[in-house]
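Novice: Attaching a predicted model along with its sequence, questions to come.
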Amino acid sequence: MASPHCAGVIALLISAAKARGFSYSPYSMKQALVNGAAPVETSDAFSVGGGIIQVERSLEKLELLSKAPERDVRFQVTVGTQKGIYIRDSRQAQKEYSVTVEPIFFKDAHIGQLAFSLH
């Protein structure tokens, strides 16, 4: 039931964004859902994801993101030939990794790629 529940929440968020007149993208929608979720204290993020969806908090996050230039961008993170970083055991000896972070713009976003800067 997680997928239909999430789809319903996304429909509510899109409806609210249109009613309030602010912009959103698939990337900002995902970021708002993850950042607005309530963490599950009894489980780790790898087993339950971002947490339990909170509609009102996600809407607040989505509205904040509507003003952010990074709303229309996501990032492809690669480590060597692998996608992303997963630390299995934080007690492992220190290692050095070459990490590439590539911004991917949504529908040739209106952000000039040369002017894009994000900390």
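Specialist: Good, I have the coordinates.

Novice: Chain neighbours aside, what residue packs nearest to the residue nearest in space to the middle of the chain?
Specialist: The centre of the chain sits closest to residue 31, judged by CA atoms, centre = their mean, with a distance of 2.8 Å. Computed as CB to CB, 6 or more residues apart in numbering, the closest residue to residue 31 that is not its neighbour in sequence is residue 65, at 6.2 Å. Just so you know, the C-beta spots here come from the backbone N, C-alpha and C atoms, and that holds for glycine as well.

Novice: Report how many residues lie close to the one you found.
Specialist: Neighbour count for residue 65, taken as other CB atoms under 10 Å: 21.

Novice: Which other helices and strands does the strand or helix carrying residue 78 contact?
Specialist: When elements are assigned from DSSP states H and E, residue 78 belongs to strand 73-79. Contacts defined by 3 or more CB pairs under 8 Å, 6 or more residues apart in numbering; DSSP states H and E place strand 73-79 against strand 99-105.

Novice: list the contacts for the residue nearest to residue 31?
Specialist: Residues near residue 65 by CB atoms under 8 Å, 6 or more residues apart in numbering: 24, 28, 31, 32, 71.

Novice: quick one: low-confidence parts of this protein?
Specialist: The chain contains residues with pLDDT under 70 at 45-46, 69, 81-97, 107-119.

Novice: about what we covered before: state the distance from the residue nearest to residue 31 to residue 104.
Specialist: According to CB to CB, to the nearest Å, residue 65 stands 17 Å off from residue 104.

Novice: same question, residue 4
Specialist: Distance from residue 4 to residue 104, by CB to CB: 28 Å.

Novice: Would you mind splitting the protein into its domains for me?
Specialist: Structurally, the chain divides into domains by automatic domain parsing as follows: 2-67, 73-119.

Novice: Cool, thanks, signing off.
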